[in-house]
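Chemist: show me the folded form of this:
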Amino acid sequence: MGPVRLALLLAAAAVLLGPGGGAEGLYIPYNTSAGVVKGKLNVHVVPHTHDDVGWLKTVDQYYVGSNNSIQGACVQNVLDSLVPALLKDENRKFIYVEQAFFQRWWRQQNDIIKDTIKGLLSSGRLELINGGMCMHDEATVHYIDMIDQTTLGHRFIKEEFGLIPRIGWQIDPFGHSAVQAYLLGAEVGFDAFYFFRIDYQDRDTRKGTKELEVIWRGSKTFGSSADIFAGIFPKNYEPPPGEFYFEVDDDSPVVQDDPLLFDYNVEQRVNDFVAAAVAQANITRTNHIMFTMGTDFKYQYAESWFRQMDKLIHYVNKDGRVNALYSTPSIYTDAKFASNEAWPLKTNDFFPYADKPNAYWTGYFTSRPALKQYVRMMSGYYLAARQLEFFKGRSKSGLTTDSLGDALALAQHHDAVTGTEKQHVANDYAKRLSIGYKKAEELVSTSLACLSESGSKSRCSSPKTNFGQCPLLNITYCPHSELNFSPGKSLVVLVYNSLGWKREDVLRIPVMSDSIVVHDSEGREIESQLLPIANTSLYTRDKHVKAYLGASSAAKPKFWLAFPASVPPLGFNTYFVSSEKKSASVSSPSSLYSQGSENSNLQIGQGRLKLQYDAAVALSLYSDSKTQVQANFEQKYKYYIGQDGNGSDPQASGAYIFRPNGTVPINTDSQVHPTILRGPILDEVHRQINSWIYQITRVYKGKDYVETEFIIGPIPIDDGNGKELSTEIITNMATNRTFYTDSSGRDFIKRVRDYRSEWKIEVNQPIAGNYYPVNLGIYVEDGSKELSVLVDRSVGGSSIKDGQIELMLHRRLLHDDGRGVAEALNETVCSIDQCEGLVIEGKYYLKIDPQGEGARWRRTFGQEIYSPLLLAFSEQDGGNWVNSHVPSFSAMDPTYSLPENVALLTLQELEDGSVLLRLAHLYEAGEHKDLSALASVDLKRVFPDKKISKIVETSLSANQERAAMEKKRLKWKVEGPPPGENVVRGGPVDPSKLVVNLGPMEIRTFIISFDHGFTQHLI
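Modeler: Next comes the predicted model:
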């Protein structure tokens, strides 16, 4: 210790020593009032916590602080301790993100605390940013779910506090989508968007060029009109290097500024802070940088952080080399904007993400495929259920769709649908979805009963008809249809279509009898077909029914009954299934063949599309007589051996990371001959690929695509290897390393193998590093034709070789990949006392089109995959259904349907009786020669029985008027010449004409009020 320091200490001790030799306390008033200072480096100190709504613990366990043997975390403590900490100093600030937690906490507070919180929010000392129920994922989520969960949070904030979040804060998702930037950023009114996880090579490049902060132009269609300022954190979303973690039990040195105590370190701590600031400033443009002071579940005792930050701000500003201030991302964004800087431009997205050379986070695109499918099924169901809730009239005290909406919102979290949570947490998400579904199912059944008994013309309070539904139809379980119909009785099948256009499809339900006849709502017999149910499907059914319901079903169905259905837009049609004596009029049995090796080529397909198989039953020729497309292709399976982490690089393949250690082709068992089923409606080829893969290929007479159903699992692990199963479609198309994948089910983005458009990639993982998320589909083209594959859930996909598309369908791994979940991705299903690896059932769809024509199928059929027909079942006794029920219904004008390039995303009655309406144009600019054009929707014909008294266009998340949002959004400068653009958007809606115009890719959101004196609502 130097002589000056020693003298100061001795002098202080002499002053403070009172009678009896004791020392008096030394009060230091900390000056934390600094704002932005021109000409200095301004360090924006942003206190925050990152609270996962489920990961290692369930959302409720995180909230109340239970199950701490897994992780010591209690969100209730964070929010409780935050209030007195903020009140202690008016300059302190804090941001909070996850509305699922905040709303739980808010409901439990008394009026005094609520008033205090409102004061903190209105003064800007507490800011709610991002504002969704969770911090949603951006790879494995569908854009409709992203919108819905964000809307839930944003509308609560607006209604409760009168506030509108203006900053996106996606700091933990594992890569970032273009849809997030322009749709969940610019279109909800955000001025900026901050995040962390981009490829380590990309980050290093951007540090060198000072391009961690950019203008992100995520939409080719909207161009600069949907630009958003994007800030990428230089290392992570935690405090800067130099040890600035101040939780009660953290190891970082506190600021010890009492000269009477040992370990005085003010100078050292100030130097550490300044050094971190200067280092970050060297890779950042302008004289503003952000320190993210917090991380996962921090501020359990908020004062322990604020005490140290008060001291740092005080002493750093006394030092004078830099200026430190309490701040928020909003304040930081405004400072960046005020600098009048022109920023670098970023296009496309930030996938895939790698944090090390052998650590590509592309495994989670497929992890937990059954949960991913459940989320997708519930999402489409929620869309339909809200429509039916509106048609019936929202109940103020009875059944609503709210529980399902809340469960779906949680499931979009970046450790939920991603499959990167612990198993017991995945179970919790599924349980919440199931509870929400059961409530919505009852509402749907009641609404359909009301509509079928009275249509939309009269009131309905207590319908007499009982409708049942079959959520386990994908495992061939539907008790309502598995009946031996007695004479005079028939099964009523009500088919609801949630799309805005008329729909033609083929229904398949399991039945017991081989003497079945189907009639439509006008009594006409319609063609139908019986297909024997495969033993593999029956085994899957028995196993899962026992696991889910605790008991085996009494009898097994023998056949799938297939028949065509035609359903009006936003409406239903009714069909009747009954038992008849065997005659020419009963359902046609399928012709069954077994293809042995001695047979020659075979062909399936009764309509325009035909598939030719060679003698080995490998697909060889696809031909469409209408488009004249012919193409050879082959479909195979293979698996990647999951790296176990025992090599020189200990990185294993796990829930997050895909790191293959070799590829094993799967050869079809030549001893098991395929089965071919032919009939008047569809043909099927059944193939037992091996002992744990069963596949059914379908070609429908009236359809122009190939449907492939797969049953996969349990994936064997008795050889000690984890396995990641992919299917691949192989053609001779010359695709020049190029393929296209969707962004969250919306825009398609061009991908080039082993290439990144904005930085030079060093290829360390040629397979995993070329995998991308696929939510809607993937396609390749060669100048003359396009090969498209659409999916029924999120999967990982790629084109590893020219002319090839592959999809990863299932993963079962034996090692943790070291990213925090501390659990191998080894899912099992238990029945009684026996547990086996997870079995999944799913579908993908394939079509080959002339060049430039594939978009129509991808968009139209992609919407039909997302919104399948909803089936409800009842029983008719005596043939009097049509006398007491409305057999067919459409909420729209019977002569009207939405244009084929427009989808109805949301039709939902809100709590105040107003209606939330969202319409989406399905095509990008230039995507299709005819359909990438301005589209019009006539609301008078969408709601023919109601009179619209008021219509207000809002932001995407329905929390502000659109015109006001556009007026106040910041317009950023971009480096380079201005773009030559021709952005087409629909204009204001004339309240007398009520016609909504939509430009390509445009989603328009409205709050509508109806004249209830005119409206004939059901209740």
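
Chemist: residues touching R941, list them.
Modeler: Each residue near R941 by CB atoms under 8 Å, 6 or more residues apart in numbering is listed here: M892, D893, T895, Y896. No exception for glycine: its C-beta is placed from N, CA and C like everyone else's.

Chemist: secondary structure element holding Y622?
Modeler: Assessed by DSSP states H and E, Y622 sits inside strand 619-624.

Chemist: for I641, list each beta-bridge partner.
Modeler: K723 (DSSP bridges).

Chemist: so for it, what's the pLDDT?
Modeler: What the model reports as pLDDT for I641 is 98.

Chemist: number the chain from 113, please
Modeler: Done: numbering now begins at 113, and the last item shifts to I753.

Chemist: how close does it get to W613?
Modeler: Distance of I753 to W613, computed by CB to CB, to the nearest Å: 46 Å.

Chemist: show me which of those two is the more surrounded one.
Modeler: W613 (20 against 17; other CB atoms under 10 Å).

Chemist: got the contact list for the residue lying closest to the more buried one once chain neighbours are set aside?
Modeler: Once flanking residues are discounted, W613 sits nearest to S1009: 4.4 Å by CB to CB, 6 or more residues apart in numbering. By CB under 8 Å, 6+ apart, the contact list for S1009 reads G612, W613, K614, P680, P681.

Chemist: how about a cut-off of 6 Å?
Modeler: For S1009, the contact set (CB atoms under 6 Å, 6 or more residues apart in numbering) comprises W613, K614, P681.

Chemist: take the residues you listed and lay them out in TSV including distance to E533.
Modeler: Listed next are the contacts of S1009 as TSV, based on distance: CB to CB, whole Å:
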residue	distance to E533
W613	38
K614	41
P681	38
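
Chemist: quick one: which of these sit in strands?
Modeler: Using DSSP state E to define strands, no part of the contacts of S1009 is located there.

Chemist: what ranges does the stretch 713-862 of the chain have for its strands?
Modeler: 714-716, 721-725, 731-736, 741-743, 745-754, 772-778, 787-790, 794-802, 805-812, 818-824, 835-843, 850-855, 859-864 (DSSP state E, counting those that start in this stretch).

Chemist: quick one on the thing from earlier: any chance of the contacts of R1053 in JSON lines, plus neighbour count, secondary structure and distance to S235?
Modeler: As requested, the contacts of R1053 are exported to JSON lines (neighbours: other CB atoms under 10 Å; DSSP: H, G, I helix; E, B strand; the rest coil; distance: CB to CB, whole Å):
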{"residue": "M1004", "neighbour count": "21", "secondary structure": "coil", "distance to S235": "48"}
{"residue": "D1005", "neighbour count": "15", "secondary structure": "coil", "distance to S235": "51"}
{"residue": "T1007", "neighbour count": "8", "secondary structure": "coil", "distance to S235": "56"}
{"residue": "Y1008", "neighbour count": "17", "secondary structure": "coil", "distance to S235": "51"}
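
Chemist: hang on, the earlier thing: of the strands of the stretch 713-862 of the chain, which is nearest G475?
Modeler: The closest of the strands of the stretch 713-862 of the chain to G475 is strand 835-843. By CB to CB, the value is 7.2 Å.

Chemist: report the angle between that closest one and strand 818-824.
Modeler: 160 degrees (axes from the mean of the first three to the mean of the last three CA atoms, to 10 degrees).

Chemist: which elements pack onto strand 835-843?
Modeler: strand 745-754, strand 916-924 (3 or more CB pairs under 6 Å, 6 or more residues apart in numbering; DSSP states H and E).

Chemist: distance to F302 for the ones you listed - can I get that in CSV?
Modeler: Shown next, in CSV, are these (distance: least, CB to CB, whole Å):
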stretch, distance to F302
strand 745-754, 38
strand 916-924, 33
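
Chemist: just name the most buried of these.
Modeler: Mean neighbour count (mean count of other CB atoms under 10 Å) peaks for strand 916-924 among the helices and strands packed on strand 835-843, with a mean of 26.

Chemist: next structured bit after that one?
Modeler: strand 940-943.

Chemist: and that next one, how far out from the chain's middle?
Modeler: Computed by CA atoms, centre = their mean, to the nearest Å, the chain-centroid distance of strand 940-943 equals 26 Å.

Chemist: list the buried residues in that strand.
Modeler: Neighbour-count burial for strand 940-943 flags V941, S943 (criterion: 16 or more other CB atoms under 10 Å).

Chemist: using the three-state scheme, assign E976.
Modeler: At E976 the chain is in helix, as set by DSSP: H, G, I helix; E, B strand; the rest coil.

Chemist: can you give me the neighbour number for it?
Modeler: 17.

Chemist: low-confidence ranges in the stretch 113-262 of the chain?
Modeler: Applying pLDDT under 70 to the stretch 113-262 of the chain flags residues 113-137.

Chemist: all strands of it, in order?
Modeler: Going by DSSP E, counting those that start in this stretch, the stretch 113-262 of the chain shows strands at 154-159, 206-208, 238-240.

Chemist: closest one to F449 among those strands?
Modeler: Going by CB to CB, the one of the strands of the stretch 113-262 of the chain nearest F449 is strand 154-159, 13.5 Å.
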